[in-house]
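Enquirer: give me the fold of what follows.
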Amino acid sequence: MRLGLILLFIFVSLFSTFVVSADSCDLDTCSPGLPPETVLAYPEPLVERIPFDNTLLTDRVYQRVLSAVDVYDAPNGTVVSQLAAGFNFVTTHGVQDNWTLINDSQWVLTEQLRQALPSTFSGVRLTEDMPYTVAWILVNVVPSRTPGAEPTDGDLAILRYTLVNIYSEIEIEGWRWYQIGVDQWVHQTLVAKILPIIRPPEVDTQKWVSVDLYEQIAIAYEGDTPVFATLISSGLADWPTNEGIFHVYVRYPRTLMSGAEGNPDFYYLEEVPWTMYFDGDIGLHGTYWHDGFGYRHSHGCVNLSITDAHWLYVWAADEIDLTVPRDTGAAVYVYSSGEYR
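Expert: A predicted model of the protein is given here:
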């Protein structure tokens, strides 16, 4: 066990961000945060992004069904079924004139479909050299030159999904502002922080995953060592992701997900990739229908990019033996490091 790395991550999580109180620093007369020479010594996070595999993103054609549709047995053929209006996506297999094949001998009018483009976002391998807390920027933002101030006209924006170090923080009127560069500060709601945790004693597998519902971050661990982190989208307020310690109990490279039939929130999602169920019908899985990682978005599942879901699926494979009845896989610890406001 790499004790040095473990201690480093504990140090990063608890102590590495320099904290300033607004009461101890008059923002009109002092400059909070770390000095430029300290920031410039580590201008970027020392992590390694997992490269996205375009083959994984394009081996299916994913399409949104725009309204309720009749399904035919052939182009201009006979109606064999209907798909009610809802949040519906299908995978398609060919086009003939103005008809699209969605399954074996199942056709719909092409005009009722719109192609979905899966996200190219991917997570990062964590390294031993992380002197500061690392975070993702969640929206395109122009940083403020001082905490609490409005951005300055002409300053450049930092793009969504950019990785940054958090060098220091200051609390103003109950909200935190993070220093992410020289004279660069952003509001806490604009970032998602990677915060490795100490392994809970109830976690009984070598490989396990923590899911932080507050930061919308999942971290993969080997023993006590965090090795990978990424943004997720967990359940919305009406369909929360349950907190607790669970285990992956079944996995599928592709699976159909559907629910709430007859209700306004009906959904039908074909061939959801790299799914690992851990809490009833709640699982970790790839997501091709949105690119909103870092924000709650689901009916309870933990949404990941296809690249990240595949990485976790392969990485966790040796924790479950599907030939053994009721064998369980990697532990999944779902918790919240803060409270939504």
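Enquirer: what's the domain layout of the protein?
Expert: Per the record, the chain has its domains at 3-50+122-193, 54-115, 207-335, by automatic domain parsing.
Enquirer: Arg341: which of the ones you listed is closest?
Expert: domain 3-50+122-193 (8.8 Å; CB to CB). (Glycine included, C-beta is placed from N, CA and C.)
Enquirer: by mean pLDDT, which helix or strand of this structure comes out lowest?
Expert: Counting by mean pLDDT, DSSP states H and E, the chain has its least confident helix or strand at helix 3-15, which shows a mean of 41.
Enquirer: deepest of the domains of the chain, which one?
Expert: domain 207-335 (a mean of 19; mean count of other CB atoms under 10 Å).
Enquirer: quick one: terminal-to-terminal distance for that one?
Expert: With CA to CA, to the nearest Å as the measure, domain 207-335 spans 17 Å from end to end.
Enquirer: got the contact list for Ala229?
Expert: Taking CB atoms under 8 Å, 6 or more residues apart in numbering, we find Ala229 in contact with Val47, Gly123, Val124, Leu126, Val134, Ile194, Pro196, Ile217, Ala218, Ile219, Ala220.
Enquirer: dump those into TSV; add pLDDT and secondary structure as well.
Expert: Shown next, in TSV, are the contacts of Ala229 (pLDDT from 0 to 100; DSSP: H, G, I helix; E, B strand; the rest coil):
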residue	pLDDT	secondary structure
Val47	96	coil
Gly123	98	coil
Val124	98	strand
Leu126	96	coil
Val134	98	strand
Ile194	98	coil
Pro196	97	coil
Ile217	98	strand
Ala218	98	strand
Ile219	98	strand
Ala220	98	strand
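Enquirer: returning to that earlier point: and of the domains of the chain, who's closest to Pro201?
Expert: Across the domains of the chain, closest to Pro201 is domain 207-335 (CB to CB), at 9.9 Å.
Enquirer: after the strand of greatest length in the chain, which helix or strand is next?
Expert: Longest strand of the chain, by residue count under DSSP state E: strand 267-279. Scanning forward in sequence from strand 267-279 by DSSP states H and E, the next helix or strand is strand 282-286.
Enquirer: show me what that following strand is packed up against.
Expert: Contact here means 3 or more CB pairs under 8 Å, 6 or more residues apart in numbering; DSSP states H and E; on that basis strand 282-286 packs against strand 267-279, strand 302-304, helix 306-315.
Enquirer: could I get these in a markdown table, plus columns for mean pLDDT and distance to Thr146?
Expert: Below are those laid out as a markdown table (pLDDT from 0 to 100; distance: least, CB to CB, whole Å):
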| stretch | mean pLDDT | distance to Thr146 |
| --- | --- | --- |
| strand 267-279 | 97 | 44 |
| strand 302-304 | 98 | 36 |
| helix 306-315 | 98 | 35 |
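Enquirer: any chance of the ones you listed in CSV, with distance to Phe87 too?
Expert: Output for the helices and strands packed on strand 282-286, formatted as CSV (distance: least, CB to CB, whole Å):
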stretch, distance to Phe87
strand 267-279, 4
strand 302-304, 13
helix 306-315, 18
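Enquirer: for this structure, which spans come out with low pLDDT?
Expert: For the chain, applying pLDDT under 70 flags the ranges 1-31.
Enquirer: helices of the protein, start to end?
Expert: Taking DSSP state H to define them, one finds helices in the chain at 3-15, 36-41, 54-58, 306-315.
Enquirer: go through the helices and strands packed on strand 282-286 and name the closest to Thr328.
Expert: Thr328 sits nearest to strand 267-279 of all the helices and strands packed on strand 282-286, at 9.0 Å, using CB to CB.
Enquirer: so where do the strands sit in the stretch 101-250 of the chain?
Expert: For the stretch 101-250 of the chain, strands defined by DSSP state E, counting those that start in this stretch occupy the ranges 106-109, 113-115, 124-125, 133-137, 163-166, 168-172, 175-181, 184-187, 191-193, 207-212, 217-222, 225-231, 244-247, 250-259.
Enquirer: dump the ones you listed into CSV; add distance to Pro273 as well.
Expert: Listed next are these as CSV, based on distance: least, CB to CB, whole Å:
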stretch, distance to Pro273
strand 106-109, 20
strand 113-115, 17
strand 124-125, 20
strand 133-137, 22
strand 163-166, 25
strand 168-172, 37
strand 175-181, 33
strand 184-187, 33
strand 191-193, 23
strand 207-212, 17
strand 217-222, 16
strand 225-231, 15
strand 244-247, 21
strand 250-259, 6
